[in-house]
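**Q** Task: produce atomic coordinates for the following.
(one chain, ligands or ions: 1)
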Amino acid sequence: MSKALITGIAGQDAAYLSRLLLDKGYEVVGIDRPGRPGAPLPRLQGLGVAGDVRVVGLDLTDFSGLSRLLEREQPDELYNLAGQSIVRSSWQDPIQATKDTAQAALTLLEALRLSWPSARFLQASSSEMFGGAKQDRWDEATPFLPHSPYAVAKLFAHQSTVNYRTTLGLHASCAILFNHESPFRGTDFVLGKIADGVARIKLGQARTLQLGNLDSQRDWGHARDYVCAMHLMLQQARPGDYVVATGRTATVREACRIAFAHAGLAMDDHVVVDPALVRPGEVRCIEADASKARRELGWEPKTGLEDLIVEMVEAAHRRGGR
Ligand code: GDP
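**A** Residues are numbered from 1 along each chain as shown. Okay, here's the model as predicted:
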């Protein structure tokens with residue numbers, strides 16, 4: 001039986017990855033922040049796997065604690081999904097964001113190198129690392145130009161992973177993940193906010209939904225599909241870096257239209273643009289090119305934008321708004 005260690009076990013991606021690996025017969029050990037032993041993990045519960053994942057609490061910058069954990073657990077695969085994931089919050093506390101994302105990844109890599117170098121390592125990198133890249137298609141060769149403390153920290157973790165692979169020989173890979181969502185997404189992210197807003201309007205709890213830049217574009221996929229790419233990456237004989245995206249870019253306005261139309265509502269009657277929500281230094285997203293993942297991994301996203309949004313709106317409606 002293979003064993004996987006997953007950091008950031010409380011998060012959206014860890015829930016989908018746990019489900020995938022358990023279905024494949026893995027033993028799954030999750031790492032959560034310390035000091036919350038026995039705390040409920042609603043996303044694991046939501047996918048029916050809370051009782052099947054063994055959770056340990058550990059600070060990912062605790063080098064000796066990590067080394068001991070690796071020696072004890074001896075995992076075949078280690079997925080680093082931890083980190084503060086809200087770009088805006090990284091401006092509020094850039095030092096903590098850097099510790100959680102950059103220092104944690106380096107500590108994991110160093111503990112792995114010294115204590116258990118045979119494990120295969122996956123770093124969850126982010127399309128935010130491209131930031132202000134001027135190219136019209138973004139792929140693995142596009143130069144990074146990060147625009148936020150979050151993106152800079154992610155880039156440090158990404159380059160450290162590349163370094164430990166190319167210089168030190170670890171089987172270490174990076175998934176450069178474009179936006180990926182699910183019903184587990186909170187309202188800090190625009191699709192979660194739209195799904196929640198539509199449900200609340202439908203349920204008569206609200207009349208309007210305040211949003212920022214409606215013309216902003218993203219490539220949105222389903223987290224359930226993206227964790228399949230992560231798993232496939234660690235099954236390859238040779239490690240590498242892969243863009244994981246659908247290849248379809250849509251505007252926030254289009255996403256809104258889909259969500260409102262599904263609920264039988266007209267978005268123009270309810271959406272209000274709040275200038276305070278329009279971001280300065282907005283990341284431009286033109287076109288993501290995931291052809292390397294399609295070609296080398298045989299990976300295909302299964303869920304399109306419409307189905308993703310419908311799933312999110314229906315889940316928000318079932319929850320009865322927040
Ligand atoms: P991000 O790509 O990780 O920043 O994911 P988000 O879901 O937070 O934002 C995606 C896009 O939606 C960005 O271009 C935002 O500027 C845009 N957006 C427009 N209105 C909103 C809003 O009310 N909340 C959020 N979070 N994003 C918004």
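
**Q** Would you map the helices across this structure?
**A** Assignment of helices within the chain using DSSP state H yields the ranges 12-23, 42-46, 63-73, 87-92, 94-98, 104-115, 149-166, 190-202, 223-234, 252-262, 291-292, 305-319.

**Q** so which of the ones you listed gets nearest the ligand?
**A** Taking CB to the nearest ligand atom, helix 190-202 is the member of the helices of the chain nearest to the ligand, at 3.5 Å. Every C-beta, even on glycine, is put in place using the N, C-alpha and C of the backbone.

**Q** what's that closest one in contact with?
**A** Helix 190-202 is contacted from outside by 179, 181, 183, 185-187, 206-209, 211-212, 218, 220, 252, 255-256, 259-260, 262-265, 270, 308-309, 312-313, 315-317, 319-322, using CB atoms under 8 Å, 6 or more residues apart in numbering.

**Q** Kindly report the same for stretch 98-117.
**A** Applying CB under 8 Å, 6+ apart, the contact partners of stretch 98-117 are 7, 60-63, 66-67, 70-71, 74-75, 78, 80, 82-84, 119, 121, 123, 149-150, 152-154, 156-157, 160-161, 164, 168-170, 172.

**Q** now do the same end-to-end measure for it.
**A** The first and final residues of stretch 98-117 sit 25 Å from each other (CA to CA, to the nearest Å).

**Q** Buried only: go through the contacts of stretch 98-117 for me.
**A** Using 16 or more other CB atoms under 10 Å as the burial test, these include 7, 60-61, 63, 66-67, 70, 75, 78, 80, 82-84, 119, 121, 123, 149-150, 152-154, 156-157, 160-161, 164, 170, 172 as buried.

**Q** quick one, what contacts the nearest residue to Ser216 once chain neighbours are set aside?
**A** Leaving aside its chain neighbours, Ser216 sits nearest to Val252 (5.3 Å; criterion: CB to CB, 6 or more residues apart in numbering). By CB under 8 Å, 6+ apart, the contact set of Val252 is 190, 194, 211-218.
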